[in-house]
Every structure is written in C-alpha cells, then in structure tokens.
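# Kindly generate the corresponding structure for this input.
(2 chains)
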Amino acid sequence: MSSSKQPLTLAEPSLAGASHTSSARNGSFDADFAVQRNQRLETWRRFKRYKPAILGLGFVSILVLLALFSPLIAPYNPDAPDPSLRGAAPSEDHWLGNDDIGRDILSRIIYGTRIALLVGIGATAIAVTIGVLVGATAGYFGGKVDFALPRLIDTLMAFPLLALLLTLSTVFGPSLRNVVIVIGCTVWASYARVVRAEVLSLRERDFILAARAVGTPDRAIITRHLIPNALGPVIILASLAVGGIIILESALSFLGLGVQRPTASWGTMLSDGRDYLRNYPHIAIAPGIAIALTVLAFNVMGDGLRDALDPRQRN
Amino acid sequence: MTSYIAKRLLQGVLVLFLVSLLTFFVMYFMPGDPARNMVGQTRVTEFQLEAIRDKWGLNDPWYARYWEWISNVVTGDLGTSMSRPGMAISEMIGDAAAMTLRLNALSFAISLSIALPVGILAAVKRFSIFDYLSMFGSTLGVAIPNYWIGLMGIVIFSVQLGWLPPYGSDSWKGYILPVLVLSIEEMAALARLTRGATIEVLSQDYVTTARAKGLAQRVVVVRHVVRNALLPVITLLGYRMAFILSGTIVIESVFAWPGLGRLFYQSITSQDLQVVQAIVLLLTTLVVIMNILTDLTYAFIDPRVRVR
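The predicted structure follows:
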C-alpha cells in the first residue's frame, strides 16, 4: 500500500468513503480499498482546486504546531509580568509589545492558540457526537422519538445563543472545561437536523433492508451503516462551524464569563486591552487579528471541503 | 391550510412551554443565594435573610415557584427587580428594548440596503472582479469578531481623531460606531445569502426562457430574477431574529449602550434572576412567533410545505 505517499491530512478513511461505504461489509475488500483510495484522491484534487482552502489549511497547520510546541516557540513566559515594561510598545525584543502588566504579547498570542483550538475543535466534537447520535436515533426509529426531537431542537434554537451560553456559564461556573462543554452542548441541533434528514432517506435503501433481513441489531445498523453514510454533510457543517465557535469563546471570555484570567486566551487579552484603549491601544490589536485570521482560515478551509465533498452545493 | 396553521400554532405553544421550563430551571440552579445577593454588603441576621426568602417565595417548592412565575407572566406581570428595589421589570425591559430596537433597526436598514444590491450584482456578474472582491469582503466580515472592530473604531475615531464619543447614547454621534459595527456582520452574511439565492434563480428554466425571448439582461434581472431570489432571503431574515440579541450583548457592552443586551449582561452578573428570566422568555417568544410566521409564509407561497 502506498497510502503513506498520499498528501492527505484532512480526509480520514471514514470521511473520504463516507458517501458509499455500504459495501464495506460484504464486497471484496481489495476492490473496496481501491475505490476508497480513488475517492480520496478525487476529494483531495477537488479540495486543491480552491486555492484559499490550501492557504487556510496551511495556516491551520501552523496554528496546530504553535499550540503543540508553545513552550518551545514562545520567546517569553506568557504569564510572567515585567513591571518595567508595562504597556511597552512593540520593539525588537518584544515584537508585539507588552500588555498592561508587562507580559509579552507575542508569547501570550502563541499560548492563546491552545485555547482557541481546544475550544473550537473540542466543542465541535461534542456537538457532532450529540447531534449525530440524536439525529440518527430519531430518523431511524421515527414515531414518538421523531416527534420529540424537532420540538427539542426548536426549543434549543429559540434561545439567543450567546445569552444561553452566558447563563449556563454562570450556572456551572466559568472555566475552560465548562466553556468547551457548554458550547458543545448547545450547538448540536444543526447536526441532528442534517443527520435525521439523511437517515430518513437512507433507511429506505436496500442495503439497510438487507442488514435488517439478516437480523442485524438496530444499534449496529445505526452505528455501522447509517451514521457512516450520513457523515458527509456533517463534516462540511462541522468544518464551517469551528470558526464561529472560536468567536463565541472569545466573546464569552471577553465578557469575563469564559476562560478565566490569567490564562492567555485571545478573548481575555482583548478584555485586558479594552481598559487601556487610550494609552496602550496595541494591547487590543494583536489578539483581534489572531482571532480573525484563525476564523478566516477555518472558514475557507470549510468552503474548500464543501466543494470537494459535495459538488452539488458549490456556487 | 387551516389544519396546518393549527398544527404549527400548537407546536409553537409546546415549544414555548419547554422554553419557559428550561429557562426557569436554569435560573433555579443558579449557584449562590439570591437573598444574600440582594442585601449585598449590609449586615443582616439569618432571621432577616429568611424573611426575605419568604417574601420572594424562595422557600417554596419548584413547581409552586414555576406556577407563580408563569401565571404572572401570562397576565403580563413580570414582577419587580430584586437588585433594584421597586423597579418594575416590564418598565426596565421596555426602556432597554427601545434602545436596542433603535440600534438594530438602523443597522438592519443599512446592511439590507448595501447587502442586497451587492449580492445580486455579484451573482449576475459571477466570476468578475466585483464578485471576488465583494465575496472576499463578506468572508472577512464574518471572520472578524465585530466587537473587536468596535474596539478599533474607538481607538481610531474616538481616541486618535476625537470625532466620535467612545460610548453612550446621548447624541446622534454616539449611534454611528455601534450601528456601523453591528451592520458589518449582518451585511456580510446577507450579501453571501443573496448571492447564493440569485445564482440559483439564474439557472432556472424560466430565466433561460426570458432570455431566449430576447429580453435585455437588465429586464431579466429586475423582473424575473430579483423577485424570486429575494423571497428566500426575506423569509430567512425572520429566522435571524435569534441572532440579534446575541450580537448586541457584546456590542452594547463595548459601547455602554443602555439596551437589552447590556441589561441582560448586568442582570446575569448581579444575579438578578427575575430580569434574566424575563428577557430570555421575551426574546425566545419573539423567536418562536417569528419562526411560525416564517413557516406560514412559506406554506402560503409553496403548497408542498403544508402536506408534510
């Protein structure tokens, strides 16, 4: 297998073959792998065609490296204040200057990537898990379960999101862990909706009937046959949602009900900078640019992924 | 149609009930002692605290408290604020809502009047420089946190240039920054949406027919495309109601704007539960009503929806 040569970082096996894995359990495995590999190459080829997506992927890769190796890359300790450098403007030693108590802003930005990625990806993972399970269950069983779900989703979606997050964050106490959980548990509705619709059409298909006929238990049908086949649109939605979640986290932290000081998060840095707009405006500039670039990178990457996985939706 | 309306209304009532229950329980489990919060730093005995709890019904079981609250709300009585004694909540909310409405109506008008033409033009002139530039702009507008744009606006126009006040709503100048900042994100999302809808209409058969019979491009766009493309856009505006408060919470906090978002934020940090409950319930009710209206509009226009 020459799979190691493939320049594929995004498309895991589960997603590349997401649209046609129904034969995975009964077809010839060799042929199946060949088909999957071709699909992956095709997906990658289409992804590559959208140049901004490549830039986005590159930027996100850099962010991941920054997050993983923050201690090695950051020039200073992000939490160590230097009283002699309070509000110091950018200089040769401190490229982005120092904040109101003299901490190195560049180092804090670098450590901040950890929070942004952790919340963005962690909350999305929670939301996808809940949404997929709920949506697939409702779509497959129908009946009462399927009556309750849309009402539940309507209820959840009726709340203004940030207001709900602020309230929940107050109830459970603001912290990094709670921010991830609270966001994850409130934004799953769109995934449930999509998966339910997919499953509704999938369950009428022959391979599901066949699986039922040979006595496959419901749980196995849902997890092995329905969910893998319904994942395509979920991946598109999820990749487009990470950016929005990063903005949400920054807003929560900015308002003091997200990640708490002194942890270096871009939102808390903006909140610090806000009090010194008159004298040290540079404190508030860098974190905002960091958020904007990160969100931009995730969004264009999501656009590229959508074009690659679902050619119908392209416009 | 009548049965569809009835069904939709019933569902709406059910959702509202769930919303009120959920809101109530979130507040119910709020940590801390509301009675102690209320007295603040004042020295009081446990006996006095107990009297306060009794007076506000904090010792009653949850169902009694829920019933008391919801039956008052239904009759239009939102109660009085705990942290600002004697203040009727409905009055506080009314004043704040008026300020928020002004802010949002202005920014909505601005974003609509720019986003619609830009989106349509970008779709008609697809793959042109204009299309690329405007879509790049809209991608940026969605990615940049709007409250940060607000902070930078204060730095440039208030601190550096001294043209506009950094906060407050005393003069018309105070409106400029918050209105513009709020409209940027809305504009970006709307332009993208309009472009998508227009592109879809452009590929329809009746547009090809209109062109085939020799109508000028301008006539085709104005008469056949725009009308049909705006339909989904306008109905989608209904669904966007829910985002309005979310957007204004941060912006109102940045500009110290005395609106609903700031009132909500202040109430939640000072644990003024009744006010928080009231605002959340008011807004979710608004969202549910808007959603029903939007669905009914759709059903009215497109008979296929009713059958489902």
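
# What mean pLDDT does stretch A:142-153 get?
Summarised as a single mean, pLDDT over stretch A:142-153 is 79.

# quick one, phi/psi of residue A:98?
Per-residue torsions, residue A:98: phi -120, psi 160 (degrees, to the nearest 10).

# what's the spacing between it and residue A:107?
According to CB to CB, to the nearest Å, residue A:98 stands 10 Å off from residue A:107. Using the backbone N, CA and C atoms, a C-beta is placed for each residue, glycine as well.

# With residue B:51 instead?
Counting by CB to CB, the separation of residue B:51 from residue A:107 is 53 Å.

# Same check on residue B:27?
Distance of residue B:27 to residue A:107, computed by CB to CB: 40 Å.

# Check residue B:160 too.
Separation of residue B:160 from residue A:107 (CB to CB) stands at 27 Å.

# Tell me which of residue B:27 and residue A:107 has more neighbours.
residue A:107 (24 against 20; other CB atoms under 10 Å in any protein chain shown).

# Which helix or strand contains the nearest residue to residue B:219 once chain neighbours are set aside?
Setting aside the residues directly before and after it, residue B:219 is nearest to residue B:210 in space (CB to CB, 6 or more residues apart in numbering or on different chains), at 7.9 Å. Using DSSP states H and E, the element containing residue B:210 is helix B:205-212.

# which parts of the stretch 101-250 of chain A sit against chain B?
Residues of the stretch 101-250 of chain A lying near chain B by CB under 8 Å from any CB of the partner chain: A:151-152, A:154-155, A:157-164, A:166-168, A:170-171, A:173, A:243, A:247, A:250.

# and residue 97, how many residues sit next to it?
This is for chain A. 19.

# I was thinking of chain B, sorry if that wasn't clear
Other residues close to residue B:97 by other CB under 10 Å number 16.

# Identify the residues contacting it.
B:259, B:260, B:282 (CB atoms under 8 Å, 6 or more residues apart in numbering or on different chains).

# now residue B:247: how far from residue A:88?
34 Å.

# between the two, which one's more packed in?
A count of neighbours by other CB under 10 Å puts residue B:247 above the other of residue B:247 and residue A:88, at 23 against 18.

# Show me the shaky parts of the stretch 101-250 of chain B.
Low-confidence segments of the stretch 101-250 of chain B (pLDDT under 70): B:235-236, B:238-243, B:245.

# Show me which residues of it sit near chain A.
B:139-140, B:142-145, B:147-148, B:151-152, B:154-155, B:159, B:166, B:195-196, B:199-200, B:242-247, B:249-250.

# Restricted to buried residues, select the residues you listed in ChimeraX.
Of those, the buried ones go into a single ChimeraX selection, burial set by 16 or more other CB atoms under 10 Å in any protein chain shown:
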select /B:139,142,143,144,145,147,148,151,152,154,155,166,195,196,199,242,243,244,245,246,247,249,250
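
# Take the residues of the stretch 101-250 of chain B next to chain A and keep only those in helices.
Taking DSSP state H, the ones among those that sit in helices are B:139-140, B:142-143, B:147-148, B:151-152, B:195-196, B:199-200, B:242-247, B:249-250.

# Now do the lengthiest helix in chain B: distance to the chain's middle.
The longest helix of chain B (DSSP H) is helix B:89-124. Helix B:89-124 sits 9 Å away from the centroid of its parent chain (CA atoms, centre = their mean, to the nearest Å).

# try stretch A:184-199
14 Å.

# ok, of the contacts of residue B:97, which one's closest to chain A?
residue B:260 (9.7 Å; CB to the nearest CB).

# ok, back up a step: mind giving me CSV with the contacts of residue B:97 and columns for distance to chain A and secondary structure?
Formatted as CSV, those follow (distance: CB to the nearest CB, whole Å; DSSP: H, G, I helix; E, B strand; the rest coil):
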residue, distance to chain A, secondary structure
B:259, 13, coil
B:260, 10, helix
B:282, 11, helix
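
# Neighbour-wise, give me the winner out of these.
Neighbour counts for the contacts of residue B:97 (other CB under 10 Å) peak at residue B:260, which has 29 neighbours.

# can you tell me which residues contact it?
Shown in contact with residue B:260 (CB under 8 Å, 6+ apart): B:93, B:96, B:97, B:99, B:100, B:245, B:248, B:252, B:279, B:283.

# The same query, at a cut-off of 6 Å, please.
B:96, B:97, B:100 (CB atoms under 6 Å, 6 or more residues apart in numbering or on different chains).

# How about residue B:138?
Residue B:138 makes contact with B:188, B:191, B:192 under the criterion CB under 6 Å, 6+ apart.

# Helices along the stretch 201-315 of chain A, start to end?
A:206-213, A:218-220, A:227-254, A:266-274, A:282-309 (DSSP state H, counting those that start in this stretch).

# want to throw the ones you listed into a markdown table with mean neighbour count and mean pLDDT?
Output for those, formatted as a markdown table (neighbours: other CB atoms under 10 Å in any protein chain shown; pLDDT from 0 to 100):
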| stretch | mean neighbour count | mean pLDDT |
| --- | --- | --- |
| helix A:206-213 | 14 | 86 |
| helix A:218-220 | 11 | 86 |
| helix A:227-254 | 23 | 89 |
| helix A:266-274 | 25 | 92 |
| helix A:282-309 | 23 | 90 |
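
# Make JSON lines out of those helices and add distance to residue A:111.
Converted to JSON lines, those look like this (distance: least, CB to CB, whole Å):
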{"stretch": "helix A:206-213", "distance to residue A:111": "48"}
{"stretch": "helix A:218-220", "distance to residue A:111": "42"}
{"stretch": "helix A:227-254", "distance to residue A:111": "14"}
{"stretch": "helix A:266-274", "distance to residue A:111": "10"}
{"stretch": "helix A:282-309", "distance to residue A:111": "11"}
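
# Any idea which of these gets closest to residue B:264?
Closest to residue B:264 of those is helix A:227-254 (CB to CB; 13.5 Å).

# Now do residue B:53 against residue B:79, distance only.
Applying CB to CB to residue B:53 and residue B:79 gives a distance of 16 Å.
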